[in-house]
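[1] Could you work out the structure for the sequence below:
(2 chains)
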Amino acid sequence: MAADPIQQFALKKIFTIGHIGGQEIAFTNSSAYMFLSVAVISLLMLGTGRQLIPGRMQSVAELSYEFVASTIRSTAGSEGMKFFPLVFSLFMFICISNVIGVIPYTFTVSSHLIVTFGLAVLVFLIVVFYGFYKNGLKFFKLFVPSGVPLYILPLVVVVEVISFFLKPVSHSVRLFANMLAGHIALKVFASFVGMLGAIGFIGWVGAVLPLGLTVALTALELLVAFLQAYVFTILTCIYLNDAIHPGH
Amino acid sequence: MAVGLRLSSELVAGVLGGAALGWGFDRLLSTSPWGLIVFLLLGFTAGVINVMRTAGVMAKQNERL
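    Got it, this is the predicted structure:
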């Protein structure tokens, strides 16, 4: 009855796609849930009709568009709208896959660091390339503060370079750690119900408490699932804003 | 809570990133343990700077452009 709280994050191979350089490329349950999220998003965005008076699902699709668009406009300005496809895809993918992950017995895609790190590196590379495109070699001034004595400058530049390259790390760790910690806490409290229930009648009475907590935590997880997708999106917008409008 | 989580993840990312960088440096150049020591400290410094930037105590990098 006592379930391992880490078990839910196990990757299981469904079938093998092929081999690249002796390394097996497998289609795992993680990939399956990624495809499921994309399918849900496509269904929501494409399959809900284009009526003048929107139905329930069409309203959700339009609301999500308005929500992301207003987030970009308020943080990165209307120039940031050229990155709308990227930001909207990121937001919808993270939000939908997180919400799917709250359903019991499902897999949470963003509970693996490599997935969130991949998304964060994508954003980071776009920001760096766009920054170079926009500012040219002046982009390197990012690492050289003015008014620092020459003898201490090498150390400061090294620290500045490291702190610049830490951006995608903290960007991805935030989403990953939230999803991981939330799901482990949920699983631990849920397993208390089974453990207490195994004692007998007194255990069943005592199990009410962790059961109530599990229900409350599920609601909290639903909030965290949305909130972390929003935080990831708004940080993406802030980084894009740094590249679009330098010197602000 | 959201602000605290943001700041703490910034610091954790700094230390972890520095440690990973130093470990990789040591593995490539077999200078163990000096790379780990130096880059862990540099990573910690960078993490503290990022925390201060996030909190708005220090000027952001992109203000130099």
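[2] When you work out contacts or count neighbours from here on, use the C-alpha atoms and nothing else.
    OK.
[3] Wait, B:M58 touches B:V48, no?
    No - the pair formed by B:M58 and B:V48 falls short of the contact definition of C-alpha atoms under 8 Å, at 10.7 Å.
[4] between those two, which one's more packed in?
    Under the neighbour definition other C-alpha atoms under 10 Å in any protein chain shown, B:M58 and B:V48 were set side by side, and B:V48 has more, 20 against 12.
[5] who does the host helix or strand of the more buried one touch, helix- and strand-wise?
    For B:V48, the element it lies in under DSSP states H and E is helix B:34-55. Counting by 3 or more C-alpha pairs under 8 Å, 6 or more residues apart in numbering or on different chains; DSSP states H and E, the packing neighbours recorded for helix B:34-55 are helix A:153-165, helix B:2-29.
[6] quick one: the last one to helix B:34-55, angle?
    Note on geometry: by axes from the mean of the first three to the mean of the last three C-alpha atoms, to 10 degrees, helix B:2-29 and helix B:34-55 are set 160 degrees apart in direction.
[7] Can you list the buried residues in helix B:2-29?
    Within helix B:2-29, the residues that qualify as buried are B:6-23, B:25-26, counting by 16 or more other C-alpha atoms under 10 Å in any protein chain shown.
[8] Stretch A:8-26 too?
    Under the neighbour-count rule (16+ other C-alpha under 10 Å), stretch A:8-26 has A:Q8, A:F9 buried.
[9] do the same with stretch A:225-238
    With burial defined by 16+ other C-alpha under 10 Å, the residues of stretch A:225-238 counted as buried are A:A225, A:F226, A:Q228, A:A229, A:Y230, A:V231, A:F232, A:T233, A:I234, A:T236, A:C237, A:I238.
[10] quick one, the helix or strand where the fourth one lies and helix B:2-29 angle?
    Right, A:A229. With secondary structure defined by DSSP H and E, A:A229 is part of helix A:208-244. For helix A:208-244 and helix B:2-29, the angle between their directions (the same axes, to 10 degrees) works out to 70 degrees.
[11] Which neighbouring elements make contact with helix A:208-244?
    Counting contacts by 3+ C-alpha pairs under 8 Å, 6+ apart, helix A:208-244 is packed against helix A:56-76, helix A:84-102, helix A:113-135, helix A:167-197.
[12] quick one, what contacts B:K60?
    Under the criterion of C-alpha atoms under 8 Å, 6 or more residues apart in numbering or on different chains, the contact list for B:K60 reads B:R53.
[13] which residues touch the nearest residue to B:S8 once chain neighbours are set aside?
    In space, and not counting its chain neighbours, B:S8 is closest to B:V51: 7.7 Å by C-alpha to C-alpha, 6 or more residues apart in numbering or on different chains. By C-alpha under 8 Å, 6+ apart, the residues touching B:V51 are B:L7, B:S8, B:E10, B:L11.
[14] got those residues as a markdown table, with pLDDT columns?
    Conversion of the contacts of B:V51 to a markdown table gives the following (pLDDT from 0 to 100):
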| residue | pLDDT |
| --- | --- |
| B:L7 | 85 |
| B:S8 | 85 |
| B:E10 | 86 |
| B:L11 | 89 |
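[15] Report the separation between A:F107 and A:G101.
    Distance from A:F107 to A:G101, counting by C-alpha to C-alpha, to the nearest Å: 5 Å.
[16] so A:F176 touches A:T108, yeah?
    No - applying C-alpha under 8 Å as the test, A:F176 and A:T108 come out as separate, 10.1 Å apart.
[17] Cheers, nothing more for now.
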